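Asks: pasted the sequence and its predicted model underneath.
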Amino acid sequence: MRLEHATRKRVGEPAVSEVSGVVLVHNIAPEKQVIVHYRDAGGIWRDVPARYESAPPWGSPERWVFSGIVYPADHAEPARFAIQVVVAGREYWDNNEQHDYLLDPEGIVFGDGQTFGFDRLQRIVEFVGWRYHMDVMKIEEAMPLPGRGYTARYKVTIGRSVGPGRYAHVRCVGIAVRGFDVSVLSQTPCESIPPLDPVTP
């Protein structure tokens, strides 16, 4: 059993910050419970159940989905959670090797390092494709964020490819990477590059 991925997005009106995701579960018995334990905005640990979604024809792993982990829209602290599966009288945990999963606002966290890679730059490329549907043109590393554990910061120039070496809608995004968690720090136009015209990097 492991977390496949989880995202944290601003949704609804009035807006809230919601965590949702997918858990992959080995089908060792037909009856099982998949539970997400999370810490709410007040620091209290709560549970939300995941629900069965699908399984491949050969039966395993099953996909279980969860949502409904909600924080105030302006809650800047990372969401903290872990996954529990109860099956055949036993408990199984995915708690990110006893560190829990941490998920910043507008971020995505992957639960399988072998699938998604431990390389920070590769995770940034994956995140930009998922979040913006754009390509990475340049990555510049900045100083780590103080007081947040080891969180690396990057200034990432992104754009949409319109041909070999040519990009449109170019802008810069501040990206933070902590473990498997990748999230947005800020978004500002690249002052030295026209933001809407194709350019050659």
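Replies: Ah, there it is.

Asks: now do the helices in this protein.
Replies: 113-116, 120-132 (DSSP state H).

Asks: show me the shaky parts of the chain.
Replies: 112-120, 142-151, 164-165, 179-180, 186-201 (pLDDT under 70).

Asks: residue nearest the middle of it, spatially speaking?
Replies: In the chain, the residue lying closest to the centroid (CA atoms, centre = their mean) is I108, at 0.9 Å.

Asks: show me what contacts that residue?
Replies: By CB atoms under 8 Å, 6 or more residues apart in numbering, I108 lies in contact with H5, A6, T7, R8, F127, W130, R131, D181, V182, S183. Glycine gets a C-beta too; all of them are placed from N, C-alpha and C.

Asks: could you redo the last one with a cut-off of 6 Å?
Replies: Taking CB atoms under 6 Å, 6 or more residues apart in numbering, we find I108 in contact with T7.

Asks: who does it bridge with?
Replies: T7, V182 (DSSP bridges).

Asks: ok, now R153?
Replies: Judged by DSSP bridges, the bridge partners of R153 are A142, A176.

Asks: pretty sure G174 sits against S183.
Replies: No - if you go by CB atoms under 6 Å, G174 and S183 don't touch, sitting 9.6 Å apart.

Asks: and the two? which has more neighbours close in?
Replies: S183 (22 against 15; other CB atoms under 10 Å).

Asks: what's the burial count for the nearest residue to V19 once chain neighbours are set aside?
Replies: Closest residue in space to V19, ignoring its immediate chain neighbours: I69 at 3.9 Å, by CB to CB, 6 or more residues apart in numbering. Look at I69: counted by other CB under 10 Å, it has 21 neighbours.

Asks: with R46 instead?
Replies: Using other CB under 10 Å, R46 has 12 neighbouring residues.

Asks: no further questions, thank you.
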